[in-house]
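Colleague: just to be clear, the model below is a prediction. Sequence and coordinates:
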Amino acid sequence: MLVSPYRSINVAPLPVRSNLSRMALRGTSRAKRVVVIGAGTAGLTVASCLKSPGRKPPQAPQQDIEVTAVEARGRLGGRICTEHFADGSAVDLGAAWVHGACRSNPIMAIVKACGAKLVETDWENDIHFEAVGTETEPHQSKQMDEVELKRSYKHFEALWQLFRMKQSADRREAKKGPIVDQSLMTTLRGLKSKAFRGIDELDKRSQLLLLSAISGETEHDYAATPDELSSTWWDIDDEFDGGHALWKAGYQQLIEHLAEGITVVLDAQVERIEWFAADAGDGPACAVSLRDGRRLEADFCVCTLPLGVLQRDQAALFRPPLPEAKLQALGRLGVGILEKVALRFERCFWESKDVKPHCIYRTPTSESRTLPAACEAPYWVSLRPVTGSNVLVAYFVTGAGRVMARLPEEEAVSRVLALLKSMFSPVEVDAANLLEAKKTAWAEDEWSCGGYSFLAVGATTQDRHALAEPVGPLHFAGEATHDRYPATVHGALLSGRRAASEILAKLSSEAKGYPK
Ligand SMILES: Cc1cc2nc3c(=O)[nH]c(=O)nc-3n(C[C@H](O)[C@H](O)[C@H](O)COP(=O)(O)OP(=O)(O)OC[C@H]3O[C@@H](n4cnc5c(N)ncnc54)[C@H](O)[C@@H]3O)c2cc1C
């Protein structure tokens, strides 16, 4: 059966919960109401922090807070979406890895609290194929020559050293005043030295291998092409130490933990967010209108809508309109595309007695690969080391992801099978060996409009700050608003904590009688 994320067929429906948080009421006539828009990681974190804001200093006010999260989908988690195959094994169709599984990563405390099991991915344990001939039927692949692979890495390292020097110089200039940014690919193409004569000077084959290495370094992580990514600010994000680990029972464990005790209204699509001036009288500070006509009034509203949704809907959503700085930030930031096709087989054909790869790569032929290229071929992650099930997950990014998102499920699956057949014994990859498949379409999904945010040409971290900036009683969270850890679950979680502490700080100064 093929399942797209928004259908969420295999996810056990989580009940709408209704035990509102009630802390001791002191000094106010009624509880403060907070509406959180979106019940993904950021939204649930805001709600959970406001529900139990932790130990407070004695002078801090005890404030009664009622938190309600409204969520467009019929499930929790947003871009976290765990589904299950018929054998009970979990597969994450949205976020899968805890990037930087170390103690300072806030996700690890939740992993510990829910007793979850993580399995680290061994990126070195991989196999590389390359396509031979043209990409037209029947296409074949052969395992890559190690010597050639090493040679391509040499080119890559030389190019990357040059790039890092240029990027440091550009960043120094940016500190002095405005600079003209350009795409990562434009910069890479312009780099030459004695050790590296330039991309265009390489023979076709070396170019192809170099480009694959660039894809691996940029497109796989950022879900955007080097033509889209900012050269100056590429890789400005921070990361936690430690490996990259997958959840044995799925990322949904994090969502279930965050959602405990939170009131969530599911199937509630927000159509309008209004806020009113502080001197507008005794009425509500803001109001959220739903597609079904319901209206929720509140003292604060926290918007955790994904960047793609904000870009599409901001003009219709906000009354009054968002400030210019926010609109400009929305226009500059980019949304990357990442899609998955997960296949469960009866028999495992990608492992041998000696080789049990975690990852499988395939370089397409030069004929099919235009420069500068989008990553046209997927890479595969084996879930055998994680769940023990014979599952391969194919990852498609950027243009290839967009194509996959639009393809009917059966066609997408047969394309992935054809690629696998070209690399492994066609007898083993036979459709009869395929038990189940699940396919995503995040790029087409009304409530995510893509994968995750990236700094496009001309965008800077300041745009993330502008997106995070509160507007009156309206606060903002979500992965795109985090400056250090965007595009990740931990970034979304930390952005939720930030928005919650902004509201608590306002309540605290209000209780002390400071002006709003
Ligand atoms: C395919 C894929 C793979 C990824 N892999 C990883 C990974 O391995 N590791 C990692 O750390 N990160 C990964 N990410 C990124 C990670 O999933 C996100 O950064 C994170 O989940 C975002 O959380 P959020 O709360 O900001 O947004 P979301 O989870 O998208 O939450 C926003 C919520 O708002 C809801 N919503 C939208 N519109 C409306 C509306 N009008 N009214 C009401 N509700 C609305 C949405 O349904 C959603 O539930 C991946 C993302 C994708 C798509």
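Modeller: Structure's in. What do you need? Residues are numbered from 1 along each chain as shown.
Colleague: and the stretch 251-400 of the chain, which residues reach the ligand?
Modeller: Selection of the stretch 251-400 of the chain residues close to the ligand by C-beta under 6 Å from any ligand atom yields Gln269, Val270, Thr304, Leu305, Pro306, Val309, Leu338, Lys340. For the C-beta atoms, the positions are set from N, CA and C on the backbone; glycine is no exception.
Colleague: what's the burial count for the closest residue to Glu428 other than its chain neighbours?
Modeller: Closest residue to Glu428 apart from its sequence neighbours, by C-beta to C-beta, 6 or more residues apart in numbering: Phe349 at 3.5 Å. When neighbours are defined as other C-beta atoms under 10 Å, Phe349 has 19 of them.
Colleague: how close does Phe349 get to the ligand?
Modeller: According to C-beta to the nearest ligand atom, to the nearest Å, Phe349 stands 25 Å off from the ligand.
Colleague: residue contacts, that residue?
Modeller: When the contact criterion is C-beta atoms under 8 Å, 6 or more residues apart in numbering, the partners of Phe349 are Phe424, Ser425, Glu428, Val429, Asn433.
Colleague: please list only the buried members of the residues you listed.
Modeller: Neighbour counting with 16 or more other C-beta atoms under 10 Å marks Phe424, Val429, Asn433 as buried within those.
Colleague: got a markdown table for those, with distance to the ligand too?
Modeller: Below are the buried ones among the contacts of Phe349 laid out as a markdown table (distance: C-beta to the nearest ligand atom, whole Å):
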| residue | distance to the ligand |
| --- | --- |
| Phe424 | 25 |
| Val429 | 24 |
| Asn433 | 25 |
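Colleague: which of those scores worst on pLDDT?
Modeller: Taking the buried ones among the contacts of Phe349 together, the minimum pLDDT is found at Val429 (85).
Colleague: rewinding a little: turn the contacts of Phe349 into CSV, including secondary structure and distance to Gly491.
Modeller: Putting those into CSV (DSSP: H, G, I helix; E, B strand; the rest coil; distance: C-beta to C-beta, whole Å) gives the following:
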residue, secondary structure, distance to Gly491
Phe424, coil, 37
Ser425, coil, 42
Glu428, coil, 40
Val429, coil, 37
Asn433, helix, 39
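Colleague: what is the nearest of the residues you listed to Gln252?
Modeller: Using C-beta to C-beta, Asn433 comes nearest to Gln252 of the contacts of Phe349, at 28.0 Å.
Colleague: quick one: contacts for the closest one?
Modeller: Counting by C-beta under 8 Å, 6+ apart, Asn433 makes contact with Phe345, Glu346, Arg347, Phe349.
Colleague: the last one: which element?
Modeller: It stands for Phe349. Using DSSP states H and E, Phe349 maps to neither a helix nor a strand.
Colleague: how about the residue in the stretch 251-400 of the chain that the ligand sits nearest to, nearest residue that isn't a chain neighbour?
Modeller: Nearest residue of the stretch 251-400 of the chain to the ligand: Val270, at 3.6 Å (C-beta to the nearest ligand atom). Nearest residue to Val270 in three dimensions, chain neighbours excluded: Ile37, at 5.2 Å (C-beta to C-beta, 6+ apart).
Colleague: near the one you found, how many other residues are there?
Modeller: By other C-beta under 10 Å, 26 other residues sit near Ile37.
Colleague: what count of nearby residues applies to Glu410?
Modeller: 11.
Colleague: make that Asp227, sorry
Modeller: Using other C-beta under 10 Å, the number of residues around Asp227 comes to 15.
Colleague: that one: which element?
Modeller: Applying DSSP H and E, one finds Asp227 in no helix or strand.
Colleague: got the contact list for it?
Modeller: With C-beta under 8 Å, 6+ apart, Asp227 has these contacts: Ser183, Leu184, Met185, Thr186, Pro372.
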